[in-house]
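[1] What shape does this take:
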Amino acid sequence: MLGYLKRILLCLALMTGVAHAETATMATLTDGTPPYYMTLAIAKAAQEVTPLDLRPKSFRSTDQGAIFVNKGEVDFGLFNSITLPEAYHGTHFYKGNALTNLRAVARLIPIQASLCVPGDSDIHSIQDMRGKRFPAGFDATKFGERMYAAMLGTGGLTYDDVKKVQVAGWAGVVNGFRRGEFDVGGIVVGSATAIRDAQIVKGLRCISLNTGPENEKRMKEIFPQARFAVVKPGPGLAGIVEPTVVLEFDFWVYANKDTPDKDVTDMLTGLLKGKETLTGVSKAFRRFDPSLMHDDIGVPFHPAAEAFFAAHKDSIK
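    Numbering: from 1, shown residues only. Next comes the predicted model:
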């Protein structure tokens, strides 16, 4: 209850803004998900140093949010480094429906994803997941099934090797795992959602992915631009009970090509100056490095972002 009240107060503070604040919107997921906390963090950081009043607009999936950003009905959105280029170029899920009005704004943070099980589970490896109840379908976001398929692939498994339990989206995975509807769940390492999972699912522990050239090849065939990373136990890392190999990929903020230059500049200013504020709202930003915001993933940058990076070239590569 206390956490819920804190989120309400934070949202009210962000929505109140200053008298002459410029209002913009960001497509995100529902309350309680990692992208939602990331949106609140970005909004608060920008509001502290600029007039930008950034308000979250929740969708069932990041894919759905991108469609509205492409239409110009929402100013900003959050996407991963795999799907943002696919959406812009019209490949994979977006074949024939390219979202060519999207523009990159900044690389934010590396996201680390892991499969997890209750402490008393007999699952100790990816191979042990054969025949187990596993989230599938993801009607709201095909990205979910692709990511889990990539992780299963490191153990030589596919969705044909597990017992598929249909979910609509990420909320279904979170709630279903907490209720015991799956034998295997998934978490974003270091997220508030994972911490809550550990409070509900006794002995929560993450399962290491299998590394090696063949496993990496299978993973990248499904999930290009992703990589393996080793996470060691530490404060706030729920489920990481020993050094664990996880799936890592980058998360980005993007905009519509016609999103006002001032809004893009103000957001980037907040990111550049607000590391402490960002991590205070979302622990996911503990690994945010402003010097890495300008990267190339094959999506053109918003003109205001290009101008910002040029003006701050000494601190941002």
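
[2] Note down every partner strand of the helix or strand where residue 54 lies and its orientation.
    Using DSSP states H and E, residue 54 falls within strand 52-58. Using DSSP bridges, the strands paired with strand 52-58 are strand 22-28 (parallel).

[3] okay, the strand holding residue 54 in CSV with CA atoms only?
    The C-alpha trace of strand 52-58 is given here as CSV (Å, rounded to 0.1, in the frame of the first residue of the first chain):
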residue,chain,number,x,y,z
LEU,A,52,9.0,19.8,-19.8
ASP,A,53,5.9,18.1,-18.2
LEU,A,54,6.2,14.6,-19.5
ARG,A,55,3.1,12.4,-18.8
PRO,A,56,3.0,8.6,-19.1
LYS,A,57,0.4,7.1,-21.4
SER,A,58,0.0,3.3,-20.8
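
[4] Give me the residues contacting that strand.
    With CB atoms under 8 Å, 6 or more residues apart in numbering as the contact definition, strand 52-58 has outside contacts at 11, 14-15, 17-18, 21-31, 36, 39-40, 42-43, 46-47, 65, 68, 74, 76, 263, 266-267, 270. Any C-beta I mention is one placed from the backbone N, CA and C, and that applies to glycine too.

[5] Between its first and last residues, what's the separation in stretch 165-172?
    10 Å (CA to CA, to the nearest Å).

[6] Quick check: mean pLDDT of that stretch?
    Stretch 165-172 shows a mean pLDDT of 87.

[7] distance between it and the chain's centre?
    16 Å (CA atoms, centre = their mean, to the nearest Å).

[8] repeat for stretch 227-239
    Distance, centroid of stretch 227-239 to centroid of chain: 16 Å (CA atoms, centre = their mean).

[9] Could you do stretch 129-149 as well?
    Worked out by CA atoms, centre = their mean, stretch 129-149 lies 16 Å from the chain centre.

[10] ends of it, how far apart?
    Termini of stretch 129-149 sit 12 Å apart (CA to CA).

[11] residues in contact with residue 27?
    57, 59, 62, 64, 65, 66, 68, 69, 74, 76, 77, 78.

[12] and with 7 Å instead?
    When contacts are counted by CB atoms under 7 Å, 6 or more residues apart in numbering, residue 27 touches 57, 59, 65, 66, 68, 69, 74, 76, 77.

[13] Kindly state the beta-bridge partners for the nearest residue to the third one once chain neighbours are set aside.
    The spatially closest residue to residue 65, leaving aside those adjacent along the chain, is residue 27, at 2.8 Å (CB to CB, 6 or more residues apart in numbering). Applying DSSP bridges to residue 27 yields these beta-bridge partners: residue 57, residue 77.

[14] For residue 26, see how far away residue 55 is.
    For residue 55, the distance to residue 26 (CB to CB, to the nearest Å) stands at 7 Å.

[15] Same drill for these two, tell me which one is more crowded.
    Taking neighbours as other CB atoms under 10 Å, residue 55 and residue 26 compare with residue 26 leading, 26 against 17.

[16] so residue 106, which of the three states?
    strand (DSSP: H, G, I helix; E, B strand; the rest coil).

[17] quick one on the thing from earlier: write a ChimeraX command that selects only the buried members of the contacts of strand 52-58.
    Entered in ChimeraX, the line below selects the buried ones among these, by 16 or more other CB atoms under 10 Å:
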select :14,17,21,24,25,26,27,28,29,36,39,40,42,43,46,47,65,68,74,76,263,266,267,270
